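> any chance you could fold what I've pasted below:
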Amino acid sequence: MSEERETHGGDLAVLAAQAHGINHLFTLSGAHVFPIYDGAVHRDLPIIDVRHEQTAVFAAEATARLTRTPGLAVVTAGPGVTNGVSAVANAFYNGAPLLMLGGRAPAGRWGQGALQEIDHPPLLAPVTKIAATVTRTDEIGNEVFDALALARTPHRGPTFLDIPMDIFFGPATTHPVAAWTPQARQVNTDEMARIADLIRKSSSPLLILGSDVWAGSAENEALEFVESIQIPVITNGTARGIIPRGNPLLATKARSFAFRSADLILVVGTPLDFRLGYGDFGSAKVIHVSDSPAGIATHATLAASTSGDLPAIFTALTNSLSHRVSNEWRESITQAALKSASKERELLEADLSPIHPGRIYGELLPKLADDAVIIGDGGDFVSFAGKFVEPMRPGCWLDPGPFGCLGGGMGGIIAARLARPSAQVVALFGDGALGFSLGDIDSIVRHHLPAVMVVGNNSAWGLEKHPMQSIFGYDVAADLAPQTRYDEVVRALGGAGEIVTESSQIGPALDRAFESDVPYLVNIITDPAIAYPRTTTGI
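Now for the predicted structure:
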């Protein structure tokens, strides 16, 4: 729309968002935020409305993780904001830049009991880089721009602003907003020299790449460094695919052997949390590299550390090191990976009834294109995905991350289909996790966002059922209704789907899903007795 109209605070917010390259606004409708809808309509910012605010924030988070530009979620006051808090917390622990922009009861009525009146910022402060209230209409643009700039400044993360309804509707004069540009950052040459010396003296070094390597646009420099010195690598999060499937330096399948046998472990772009044994690798020396000083572990014994611009750090290492890691160490990693792959093949080819979840991945893997975006939303079923799926490209893997918040699958589908319109989008759901966002099938149908959804339906909260049995000898509150027809729910909401009960049916069902041009759910009944053989409890 281009007709003349009075501009208001919503226009300022939209212009600031567009200056950060934001291309979609994710929301669930609410009157407190009508001005930004009006601004978006008149300034050609597409609005994607969903059925639960959590899905809107998850879509903003997934957008940030896939595109490396901030996501924008707009929610109404009160329960609109509180419904989004868990997803904001997930983004906080994933280092995903986004702005959740909330409505707020009118400033002129504050304290009088207006509809949905609550002071939001104290609720969001622990899980955001900033949580604040905008108090003047003419400051909306600056506040939104600055919040987004902070969100995308390392270490990245979510921000929150709320705007009182009367402030948001206030008249405003608009001006062009210059596009955001990042600030140059330096590396510490003394710290880099110490790290290079440790690598040079190591006989069996191992590199671990985390999501911040992708988020910081360091994937090319990381790969150049890896290939230059031929160091084995394990990847996690969106860094999966930096070392593509089939590269002999990819040590993911030799993970346990590598952790046990390395004498030096260089961890870049991920925290030393429970996923990495809190940084305790036995006798191995540990180097920790982060995109910001606050990201360096203080609980682990470190041989060296540095923080800063990750592309520059990898370039400095490449320029400092001219040797290659020994053939013996690389060959031992290769042999351990081959041994692990041989064991995995038994699960990928298992012809059992009920179906072993591994067989699902045995059928799925050959059908995945190199650019496929894989979204994991679940516990044990998605853990099997992490074991078997090795992406070909970085920025193509979304899982809940260390906060472990379920319910992000539908938001991930929305973001992936919008960000990668020609790519395969495959969402892997546990049947428990699917319940968090099943209503948003309506959203992906309404917005014409086709995807393949695969449900590992074991009729249980498997991640809780088996551990409780091992501790107490029984389980409670861990069973779901048997063989629930989630596929019929999808069909009722305008998509398509089918149920699978035998291993031989999996491949043909997946073919039909990939050939369809609608949201298609393959509901696969799996063996509830199969537990994922995890080596960490997160404690």
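> per-residue pLDDT, Thr535?
Per-residue pLDDT puts Thr535 at 71.
> quick one: contacts for it?
Contact partners of Thr535, counting by CB atoms under 8 Å, 6 or more residues apart in numbering, are Ser256. Backbone N, C-alpha and C define where each C-beta goes, glycine included.
> reduced to three states, what does it come out as?
Look at Thr535: counting by DSSP: H, G, I helix; E, B strand; the rest coil, its state is coil.
> of all residues in this structure, which one is nearest the centre?
With distances taken as CA atoms, centre = their mean, Leu398 lies nearest the centre of the chain, 4.3 Å away.
> quickly list what it is bridged to.
Following DSSP bridges, Leu398 is listed with bridge partners Ile375.
> so which bits of stretch 208-224 are buried?
208-216, 218-219, 221-223 (16 or more other CB atoms under 10 Å).
> now swap in stretch 35-55 and tell me
Neighbour-count burial for stretch 35-55 flags 35-40, 42-43, 45, 48-55 (criterion: 16+ other CB under 10 Å).
> hang on, the earlier thing: show me the buried residues of stretch 208-224 that map onto strands.
Members of these lying in strands (criterion: DSSP state E): Ile208, Leu209.
> closest one of the buried residues of stretch 208-224 to Glu346?
Nearest to Glu346, judged by CB to CB, of the buried residues of stretch 208-224 is Ile208 at 27.6 Å.
> please name the residues that touch Val127.
Val85, Val88, Ala89, Phe92, Pro158.
> one more pass at 7 Å, please.
Val88, Ala89, Phe92 (CB atoms under 7 Å, 6 or more residues apart in numbering).
> tell me which helix or strand the first one sits in.
Under DSSP states H and E, the secondary-structure element containing Val88 is helix 79-94.
> can you name the next helix or strand after that helix?
Helix 79-94 is succeeded, C-terminally, by strand 98-104 (DSSP H and E).
> mind checking the longest helix of this protein?
Using DSSP state H to define each element, the chain has its longest helix at helix 327-348.
> quick check: buried residues in that helix?
By 16+ other CB under 10 Å, the buried positions in helix 327-348 come out as Trp329, Arg330, Ser332, Ile333, Thr334, Ala336, Ala337, Ser340, Glu344, Leu347, Leu348.
> now render these as a markdown table, adding distance to Gly358.
Formatted as a markdown table, these follow (distance: CB to CB, whole Å):
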| residue | distance to Gly358 |
| --- | --- |
| Trp329 | 30 |
| Arg330 | 28 |
| Ser332 | 26 |
| Ile333 | 23 |
| Thr334 | 23 |
| Ala336 | 20 |
| Ala337 | 17 |
| Ser340 | 13 |
| Glu344 | 7 |
| Leu347 | 3 |
| Leu348 | 5 |
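> closest to Gly497 among the residues you listed?
Leu348 (23.6 Å).
> which helix or which strand is home to the residue lying closest to that closest one once chain neighbours are set aside?
Leaving aside its chain neighbours, Leu348 sits nearest to Gly362 (3.2 Å; criterion: CB to CB, 6 or more residues apart in numbering). For Gly362, the host element (DSSP H and E) is helix 357-364.
> what distance separates that helix from the centre of its chain?
Counting by CA atoms, centre = their mean, to the nearest Å, helix 357-364 is centred 23 Å from the centre of its parent chain.
> I'd like the average pLDDT over it.
Helix 357-364 shows a mean pLDDT of 97.
> contact partners of that helix?
Contact with helix 357-364 is made by 347-350, 381, 384-385, 388-389, 454, 456, 503, 506-507, 510, 524, 526, 530, as judged by CB under 7 Å, 6+ apart.
> next one: Asp166 from Asn83, what distance?
Plainly put, Asp166 is 23 Å away from Asn83 if you go by CB to CB, to the nearest Å.
> meant to ask about Glu390
Counting by CB to CB, the gap from Glu390 to Asn83 is 35 Å.
> same check on Gly210?
29 Å.
> picking that back up, just want the angle from the helix holding Val88 to strand 98-104.
In terms of direction (axes from the mean of the first three to the mean of the last three CA atoms, to 10 degrees), helix 79-94 departs from strand 98-104 by 160 degrees.
> what are the buried residues along helix 79-94?
Residues 80-94 are the ones in helix 79-94 that count as buried (16+ other CB under 10 Å).
> could you do stretch 365-383 as well?
For stretch 365-383, by 16+ other CB under 10 Å, it's 368, 372-383.
> cool, and stretch 187-202?
Neighbour-count burial for stretch 187-202 [16+ other CB under 10 Å]: Val187, Glu191, Met192, Ile195, Ala196, Leu198, Ile199, Ser202.
> ok, now stretch 471-485?
Asp475, Ala478, Leu480, Thr484.
> OK, contacts around the third one?
Shown here is Leu480, whose contacts under the criterion CB under 7 Å, 6+ apart are Asp431, Gly432, Ser459, Ala460.
> include distance to Gln116 when you put these into TSV, please.
Shown next, in TSV, are the contacts of Leu480 (distance: CB to CB, whole Å):
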residue	distance to Gln116
Asp431	34
Gly432	30
Ser459	38
Ala460	37
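> which of these fall in strands?
Among those, no member falls in strands (DSSP E).
> of the residues you listed, closest to Arg275?
Gly432 (21.1 Å).
> how much space between that closest one and Pro70?
Distance from Gly432 to Pro70, counting by CB to CB: 30 Å.
> and for Leu317?
Per CB to CB, Leu317 is found 29 Å from Pro70.
> would TSV of the contacts of Leu480 with pLDDT, distance to Ala284 and neighbour count be doable?
What follows is these, written out as TSV (pLDDT from 0 to 100; distance: CB to CB, whole Å; neighbours: other CB atoms under 10 Å):
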residue	pLDDT	distance to Ala284	neighbour count
Asp431	97	39	25
Gly432	97	37	25
Ser459	96	42	17
Ala460	96	37	22
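> grab the nearest non-local neighbour of Trp214.
Excluding the flanking residues, the one nearest Trp214 by CB to CB, 6+ apart is Thr238, at 4.2 Å.
> my read: the one you found touches Pro394, true?
Yes - counting by CB atoms under 7 Å, Pro394 is a contact partner of Thr238 at 6.2 Å.
> between those two, what contacts are shared?
Residues touching both Thr238 and Pro394 by CB under 7 Å, 6+ apart: Trp214.
> for the buried residues of stretch 471-485, name the two members farthest from one another.
Within the buried residues of stretch 471-485, Asp475 and Thr484 form the most distant pair, 18.7 Å apart (CB to CB).
> secondary structure element for Phe384?
Going by DSSP H and E, Phe384 is in helix 380-388.
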